[in-house]
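J.: Below are the sequence and a predicted model; questions follow.
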Amino acid sequence: MGRTLVIAEHDGATLNRSTSKCVSCAASFESDGIDVAVFAENGASLAKAAATIGGVSKVLQIDHPANATLLATTLAPQIVALSGDYTHVFGPSTTFGKDIMPRVAGLLGVGQLSDIMAAESSHRFKRPIYGGNAVVIVEASADRILVATVRTASYADAENSGTASIETRALNVALPDYTRYIELQSERSDRPDLQTAARVISGGRALGSAEKFELIYELAATLGAAVGASRAAVDSGYVSNDLQVGQTGKIIAPELYIAVGISGAIQHLTGIKDAKTIVAINSDGDAPIFEVADIALVADLFKSLPELTEALRSASAQNGRNGVTN
Amino acid sequence: MEKIIVALKRALDYNVRVRLNADGSGVVTEGAKMSINPFDEIALEEALRIKKRGDAKEILVISIGTAESQQQLRTGLAMGADRAILVETDEDLEPLAVARVLKALIDKESPELVLLGKQSIDGDNNQTGQMLAALWDRPQGTFASTVAIQDGIATVTREVDQGLEVIELRLPAVITADLRLNTPRYVKLPDIMKAKRKPLEVLPLKEIGVDSANQFRILATEAPEKRQKGIVVNDVGELVQALSDKGLV
C-alpha cells in the first residue's frame, strides 16, 4: 500500500486547522499510515499539537533557522528530501499550500493534483474545475509519487485523539537564498478566523462604504461570527483583501453564512457552497444569491440589518437570563 | 532588464455560462466565446506597465495550444506586446508539461522575468508558475498584488490568507498575477491593425523536444451537487424565527 506525508501549516505559534483537514482526507482512503511534517524554527510545541491529530502515526519535526518563515523556495527542497518514504504528499489548498506544493511537484518532475474534494480510492479523486461549475474524477498513476492539495472546505477536522510519536530530523539540503522575506501586513483582530469560523457574516458592494460596513461588524459581534466580504466590497476598499470570500479568495464551509447586500456572482458562490445554511439579505429579489440561499429575505439592508442585530442581541440577553446556552 | 515573457492561455470567456456535455466528456467550448485567461491578461498588463516605466525593453507573449490560440496572441500584441510565439498542439497539456515547454523557451530567450496568471479559470490548477520556478531553479512570487523592480530585485506583495506578504526576489524570477495587481487596458482598433504586422512565430510542440505526456487520466466530468431550494421570509422577525427553528440562534 502506501504512506502519506502531510505538510503542516502554521504561523510559528499555532497549527492551522488546514493540517487536520489534510489528515482527514488522507485517512479517507486505505494506506499504511499518515505522517505530518512540521517545518519551523523551533517546532516542539507545534509538533506536539500535530501529534494529537487522530490518525497520525508519526510527526517529523524539522527545525531550521530558515524555517522561521515558510517560503516556497526554501521549504520545497526540504519536502523533496523527505518524500522518498511516501507514496502521497499532501498540503492544504490554502495560499500556503498552493504556493509550495506545485514547486515540490516541479522539483520531483511529477504532476500535481489541486483541490481534492473527495477520494474514491488511493489514486482516484474528485476535484472542482471551472470555479466549481464542474467536477472531474481524476485517476493518478500508482507508479509515481502523488503530490496534491486538499480542498479544506470539503473535509471536517480529524478527531483530537491522536498519540503520534515525534521524531526530529535534520536535513542536509542546500537551500536557495534568492528569496527574501520582508514582512506580513495583517490587520490583527480578535474576531474569529474567517476560514474556520462556524458562523460568517459577509457584506457586499451594497454596503456602500467602509463606515457602513460597521453594520456587518456589529451583527458579527452579536453572533460571535467572522466577517467576510465579496470581491466588489474588497475592490471598493471597504475591507482588506484577506476577507474576500470566493473563487479567488477564501473557500469556506461554516454552519451559518449570512450574505448581506451581495448579489452572488458565480465566483462568490464558489466560495460558500459548502456552508450548511446560507441566509441572503438583498433588496434585489432577482439577485443570483437567492438561488443558493436556504433562507431569503428581500429587504433594504440598512433597515433590516440593524433590526436583525437588535433582535438577536435581545434574544441572546433573554437566553442569558433564562440560563440557556447554545 | 532586457526581456519579460508572459504566457497567455486561450480559455472559455469569463462571462460564458459553463455547460457540460451530455455524455460526461467535459465542458462545452465549441462555438463559445474564447478569450485570454483573465489572470494572464493581468500579467501582460503588468509587463506592459513595467516596460512603460523603463524597466524592460521587450515583451514576448507565448501561448501553447491550437492554431486558434493565435487570436489570443494577436490580442496580446494589440495590447502592446512586441513579439509572439505559439507552440502549436491539439493536446490539452497539464501544468507540468506547460512549465517544461516554457522552460525550454526560457533557455533560448533568457528573460529576466516571467509573468503568468496565478491560475487559469478553466482548470483552476494554480500550478504552472510554481512548477516553472522549480524547473528553472529561480524564485517565485505567487498571487502578486503589487510588483516593483529595482536593481535586479523584484519586490512583490502577495495576497495570502493572513493578509499581504511582502517578499524580495532576485531576478530572474517568476511572478504570478492575482486579481488586484491591475486593471487591464482595452484594446483600441488602431492597435489591432498595428498588431497584425508584429512577428508571430509558430512552433510545433514536437520541435520543442520536451516530455509533454499527461500524468493524470480524467475519467468523467460531472455537474456539481445542487443545493435544496430554500424558503423566503417576509421580515426580520420571520428570519430570526427561521434561524431559531434550525437551532442556529
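T.: Received it, and whenever you're ready, just let me know what you need.

J.: Surely residue A:263 touches residue A:288?
T.: Yes: Residue A:263 is in contact with residue A:288 according to C-beta atoms under 8 Å; the separation is 6.3 Å. C-betas here are computed from N, CA, C, even on glycine.

J.: Check which helices and strands the helix or strand hosting residue B:156 sits against.
T.: Taking DSSP states H and E as the definition, one finds residue B:156 inside strand B:153-160. Packing contacts for strand B:153-160, counted by 3 or more C-beta pairs under 8 Å, 6 or more residues apart in numbering or on different chains; DSSP states H and E, involve helix A:95-108, strand A:179-185, strand B:140-150, strand B:163-170, strand B:173-177.

J.: buried stuff in that strand?
T.: The neighbour-count criterion (16 or more other C-beta atoms under 10 Å in any protein chain shown) identifies B:154-160 as the buried residues of strand B:153-160.

J.: average pLDDT for that strand?
T.: The predicted model assigns strand B:153-160 a mean pLDDT of 97.

J.: outside of that strand, which residues touch it?
T.: By C-beta atoms under 8 Å, 6 or more residues apart in numbering or on different chains, the residues outside strand B:153-160 that reach it are A:95-96, A:182, A:184-185, A:241-242, B:113, B:141-149, B:164-171, B:173, B:175, B:178, B:180.

J.: same thing but at 6 Å, please
T.: Residues lying outside strand B:153-160 but in contact with it, judged by C-beta atoms under 6 Å, 6 or more residues apart in numbering or on different chains, are A:95, A:241, B:141, B:143-148, B:164-169, B:173, B:175, B:178.

J.: Next: stretch A:13-24.
T.: In contact with stretch A:13-24 (C-beta under 6 Å, 6+ apart) are residues A:6, A:8-10, A:34, A:46, A:49-50, A:53, A:55-56, A:90, A:92, A:94, A:150, A:152, A:155-158, A:196.

J.: tell me the SS of the closest residue to chain A within chain B?
T.: Sorted by distance to chain A under C-beta to the nearest C-beta, the residues of chain B start with residue B:134, at 2.9 Å. Assigned with DSSP: H, G, I helix; E, B strand; the rest coil, residue B:134 falls in the helix class.

J.: Check the helices and strands packed on strand B:153-160 for me and report the most buried one.
T.: Comparing those by mean neighbour count (mean count of other C-beta atoms under 10 Å in any protein chain shown), strand B:173-177 comes out on top with a mean of 29.

J.: residue ranges for the helices of chain B, please.
T.: When assigned using DSSP state H, the helices of chain B occupy the ranges B:38-52, B:70-79, B:95-109, B:128-136, B:189-195, B:205-208, B:236-245.

J.: for the stretch 151-300 of chain A, same thing?
T.: Residue ranges of the helices in the stretch 151-300 of chain A, as given by DSSP state H, counting those that start in this stretch, are A:214-223, A:231-235, A:266-270.

J.: Quick one: list the elements packing against the helix or strand of chain A with the lowest mean pLDDT.
T.: Across the helices and strands of chain A, the lowest-confidence element by mean pLDDT, DSSP states H and E is helix A:301-322, at a mean of 84. Packing contacts for helix A:301-322, counted by 3 or more C-beta pairs under 6 Å, 6 or more residues apart in numbering or on different chains; DSSP states H and E, involve helix A:214-223, helix B:236-245.

J.: relative orientation of the last one and helix A:301-322 in degrees?
T.: Translated: helix B:236-245. Computed with axes from the mean of the first three to the mean of the last three C-alpha atoms, to 10 degrees, the direction of helix B:236-245 lies at 50 degrees from that of helix A:301-322.

J.: picking up where we left off before, mean neighbour count, mean pLDDT and distance to chain B for the helices of the stretch 151-300 of chain A - can I get that in CSV?
T.: Formatted as CSV, these follow (neighbours: other C-beta atoms under 10 Å in any protein chain shown; pLDDT from 0 to 100; distance: least, C-beta to the nearest C-beta, whole Å):
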stretch, mean neighbour count, mean pLDDT, distance to chain B
helix A:214-223, 20, 96, 7
helix A:231-235, 21, 95, 7
helix A:266-270, 21, 90, 8
